[in-house]
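Peer 1: What follows is a predicted structure for the sequence shown.
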Amino acid sequence: MATDTTTAKPVLGVYQHGSAYMVGDGFPVRNLFPSNDLDRAVDPFLMLDYAGPQYFPPTDHPRGVGEHPHRGFETVTIVYEGAVAHRDSAGNAGVIGPGDVQWMTAASGIVHEEFHEAEFAKKGGTFHAIQLWVNLPRSSKMSAPGYQTILNADIPAVDLDGRGTLRVIAGSFLGRKGPARTFTTVQLYDLQLNAGGRAVLTVPEGDNSSVFVLQGRASVNGSREAGEAELIVCERTGSQIVIEAKADSRMLVMSGKPIDEPIARYGPFVMNTKAELMQAVQDYQAGKMGHLS
Ligand code: MN
């Protein structure tokens, strides 16, 4: 079938990671955004940290990041290798491993910790994950916190003509619905394509859409090829995204309706105004976001 080029989304650019740093002592990340000043182009997504892949030797003291707060958005953790254990002040706790996703709604505020899971730490091994932050509209920033553990088995996997697999984490693809509950319209796909494979996606007109290549090489709508840890960002116009893999590739496809509200950031808080950020700091310091028991 011919590609309808009239609705293909133009590609804004291909981006490499900006800053690279260790989150706590367990998550060696390369940051794709906000590093590349893409706020408007990736809205409603706020941050993409690509962790590993990196080998960690066995230890009895799991690495990770201790108690810290969040307010105003959601943190989505996708594990490819290794395992993450999480605990928060809303009383939620869980472990996610390869293929699993944790969708945590910080909203009005939580305090949590994120560590390598104890058994994984004890054995040692390769850790490989993504943490994506999804913004909340002003009207939901002070909603109650939430927590969704989305297991591998709950994520529909759609076969792409035997040349790849698309797993629907959020949104839908060819009538298959992803399990994640979201506040705004978001499509989030874990995509694997063999060399020569291609995926044809249709996203809502006006979405901000981007494709992060974890491993392999791929292009979007005829763009230049992106390699390992590179991000292809589309413009808002159009609705079709054709992804072509030039090598066996693993990608994260992110598409969402822009929230188009002011973004004010301060570390783990993302609000609309400076005053709201100051309030967040005060509320955290006053213990209003709770503590880990
Ligand atoms: Mn966190």
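Peer 2: Alright, I've got the coordinates. None of these values were measured; they are calculated from a predicted model.
Peer 1: What residues does residue 45 make contact with?
Peer 2: By CB atoms under 8 Å, 6 or more residues apart in numbering, the residues touching residue 45 are 33, 132, 133, 134, 135, 208, 210, 254, 256. C-beta: built from backbone N, CA, C; applies to glycine.
Peer 1: which residues does it form a beta bridge with?
Peer 2: Beta-bridge partners for residue 45, by DSSP bridges, are residue 134.
Peer 1: go on, residue 244?
Peer 2: residue 198, residue 219.
Peer 1: pretty sure it contacts residue 221?
Peer 2: No: assessed by CB atoms under 8 Å, residue 244 is found out of contact with residue 221, at 9.1 Å.
Peer 1: would you turn the contacts of residue 45 into CSV with pLDDT, neighbour count and distance to residue 100?
Peer 2: What follows is the contacts of residue 45, written out as CSV (pLDDT from 0 to 100; neighbours: other CB atoms under 10 Å; distance: CB to CB, whole Å):
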residue, pLDDT, neighbour count, distance to residue 100
33, 98, 24, 24
132, 98, 26, 14
133, 98, 22, 18
134, 98, 24, 17
135, 98, 26, 23
208, 98, 25, 26
210, 98, 27, 23
254, 98, 28, 18
256, 98, 25, 21
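Peer 1: Now for the residue nearest to residue 116 when sequence neighbours are not counted, how many residues are close by?
Peer 2: With CB to CB, 6 or more residues apart in numbering as the criterion, residue 116 has its nearest non-adjacent residue at 4.5 Å, and that residue is residue 62. Using other CB atoms under 10 Å, residue 62 has 19 other residues around it.
Peer 1: what sits against residue 62?
Peer 2: 26, 85, 115, 116, 117, 118, 120, 121.
Peer 1: Show only the entries of those found in helices.
Peer 2: Members of these lying in helices (criterion: DSSP state H): 118, 120, 121.
Peer 1: how near is the first one to residue 69?
Peer 2: If I follow you right, that is residue 118. Here the criterion is CB to CB, to the nearest Å. By it, residue 118 lies 24 Å from residue 69.
Peer 1: do the last one as well
Peer 2: Distance, residue 121 to residue 69, by CB to CB: 24 Å.
Peer 1: circling back: how close does the residue nearest to residue 116 get to residue 75?
Peer 2: 19 Å.
Peer 1: With residue 183 instead?
Peer 2: 13 Å.
Peer 1: got it, and residue 232?
Peer 2: Where residue 75 is concerned, residue 232 sits at a distance of 23 Å (CB to CB).
Peer 1: neighbour-wise, which of those two wins?
Peer 2: Under the neighbour definition other CB under 10 Å, residue 232 and residue 75 were set side by side, and residue 232 has more, 26 against 22.
Peer 1: what mean pLDDT would you report for whichever strand or helix holds that one?
Peer 2: Following DSSP states H and E, one finds residue 232 within strand 230-234. Averaged across strand 230-234, pLDDT comes to 98.
Peer 1: Buried ones among the contacts of residue 62?
Peer 2: When these are checked for burial by 16 or more other CB atoms under 10 Å, the buried set is 26, 85, 115, 116, 117, 120, 121.
Peer 1: contacting residues for the first one?
Peer 2: Just to be clear, that refers to residue 26. Applying CB under 8 Å, 6+ apart, the residues contacting residue 26 are 56, 62, 63, 64, 65, 114, 115, 116, 127.
Peer 1: Brilliant, that's me finished.
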